[in-house]
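>>> build the 3D model from these lines:
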Amino acid sequence: MSRLPFPRTLTAFQSWFATEEACVEYLAESRWPDGYACPRCDHPEAYELTSRPVYKCKQCRYQVSVTAGTVLHGTRLCLRDWFSAAYLVATHTPGISAVQLQRQLGLKRYETAWGLLQKLRRAMVRPERDRISGEVEVDETYIGGLEEGRRAGRLSASTKTIVVGAVEIRGRGSGRVRLSVVDDLSSTSLVGFLEQSVAPGSLVRTDGWGGYRPLANKGYVHQRQTQGSGKRATTLFPRVHRVFSNLKTWLAGTHHGVGEQHLQHYLNEYVFRFNRRRAPMAAFQSLLGFASQHQPTTYNMLYDGERTG
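Numbering: from 1, shown residues only. Just a heads-up that it's a prediction; the model follows:
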């Protein structure tokens, strides 16, 4: 089966996904893009049960729900609400808060909207996503307030959360981006992030911080640019610092600040939006397609602030 096209207007969206049956069909398309295959015996044909969103294998009779093993697992919300939420998340350029989503969907409880958004944020990262490549700018920033009585600086911002970013250089512009919370500025944390996020062989531009020194021994072309010439980091690495600036504005404006335990989920959302900024409609398809590859998310996992890459 081929991936369904995306409705280009809100009216078309509401028309296409006006029923639970239409949502089930779309989820099945996302779950089995090459056609149904039984998880137990790999048989290509199944019956679709009318009472539940479940497919029953014609050969071994194994039953599987289109939401099983996904971030939608065990949901009590109707699929139309999930689809509407995914549409709003994908098409609202500045993002949408839990309060806004609660109002838009007419949900009774704020916690329901918050949990729904957190589950969708987990679905924004593909388990096997490609690493960025080519020429890449890398630097760190801090999210949060300064410790009282201390000056800003790499080693003094102990009350801040450290976020490291990597941005592809595409001419004068930016390509894809990766962002992650790290525990500290050690080579273990910084190089570990880059090994997960940037393909070997890439030219990685960093400042002179010692935590990046092992890069040359990890299969990267490492170019160190120091601020000894009097140039600020924002001048040496304009793309990644533009991302940091927009990220902080987005967090403060749309979400009014974010706790450290949930910050990685919001970084995932920002990366998702940034990397699809020229194709906002395609983000909806990607969101549900990614969701079909994720393990179930429990509310304990959400409130414990589990990190996802």
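
>>> surely residue 211 meets residue 191?
Yes: counting by CB atoms under 8 Å, residue 211 does reach residue 191; the two are 7.3 Å apart. Backbone N, C-alpha and C define where each C-beta goes, glycine included.

>>> quick one: find the helix or strand in the protein with the lowest mean pLDDT.
In the chain, no helix or strand scores lower on mean pLDDT, DSSP states H and E than helix 299-303, which sits at a mean of 42.

>>> which parts of this protein are strands?
Taking DSSP state E, the strands of the chain run over residues 46-48, 54-57, 63-65, 135-143, 161-170, 173-182, 203-206, 221-224.

>>> what pLDDT does the model give the residue lying farthest from the centre of the chain?
Within the chain, residue 59 marks the point farthest from the mean C-alpha position, 37.4 Å out by CA atoms, centre = their mean. Turning to residue 59, the model gives it a pLDDT of 97.

>>> contact partners for it?
Contacts for residue 59 (CB atoms under 8 Å, 6 or more residues apart in numbering) come out as 38, 41, 43, 45.

>>> dump those to TSV, plus distance to residue 70 and neighbour count.
Putting the contacts of residue 59 into TSV (distance: CB to CB, whole Å; neighbours: other CB atoms under 10 Å) gives the following:
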residue	distance to residue 70	neighbour count
38	17	20
41	21	11
43	21	14
45	22	12
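
>>> which one of those residues sits closest to residue 218?
residue 38 (42.0 Å; CB to CB).

>>> which non-adjacent residue is nearest that closest one?
In this structure, residue 38 finds its nearest non-sequential neighbour in residue 57, 4.1 Å apart by CB to CB, 6 or more residues apart in numbering.

>>> on that earlier part again, out of the strands of the chain, flag the one nearest residue 270.
Nearest to residue 270, of those and by CB to CB, is strand 173-182 at 6.6 Å.

>>> surely residue 62 touches residue 36?
No: Residue 62 lies out of contact with residue 36 (CB under 8 Å); the separation is 11.6 Å.

>>> how is this protein divided into domains?
10-35+67-123+290-303, 135-257 (automatic domain parsing).

>>> chain center to the last one: distance?
Centroid separation for domain 135-257 versus its chain: 18 Å, with CA atoms, centre = their mean, to the nearest Å.

>>> before we move on, what about stretch 31-51?
Counting by CA atoms, centre = their mean, stretch 31-51 comes out at 28 Å from the chain centroid.

>>> pull that stretch out as CSV, backbone CA atoms only.
What follows is stretch 31-51 as a C-alpha-only set of coordinates in CSV (Å, rounded to 0.1, in the frame of the first residue of the first chain):
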residue,chain,number,x,y,z
ARG,A,31,1.6,0.6,10.4
TRP,A,32,1.9,-1.5,7.3
PRO,A,33,3.0,0.7,4.5
ASP,A,34,3.9,-2.3,2.4
GLY,A,35,0.7,-4.1,3.1
TYR,A,36,-0.6,-6.1,6.1
ALA,A,37,1.7,-8.8,7.5
CYS,A,38,0.8,-10.9,10.5
PRO,A,39,3.2,-10.3,13.4
ARG,A,40,3.1,-14.0,14.2
CYS,A,41,3.2,-15.9,10.9
ASP,A,42,3.8,-13.1,8.4
HIS,A,43,0.7,-14.0,6.4
PRO,A,44,-0.4,-11.1,4.1
GLU,A,45,-4.2,-11.3,4.6
ALA,A,46,-6.5,-10.5,7.5
TYR,A,47,-10.1,-9.8,8.4
GLU,A,48,-10.9,-6.4,9.8
LEU,A,49,-13.1,-6.7,12.9
THR,A,50,-16.0,-4.2,12.9
SER,A,51,-16.4,-4.0,16.7
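
>>> residue 62 and residue 36: which is more packed in?
residue 36 (17 against 14; other CB atoms under 10 Å).

>>> need phi/psi at that one.
Torsion angles at residue 36 (phi, psi; degrees, to the nearest 10) stand at phi -60, psi 140.

>>> which residue is the nearest non-sequential neighbour of it?
Excluding the flanking residues, the one nearest residue 36 by CB to CB, 6+ apart is residue 46, at 5.2 Å.
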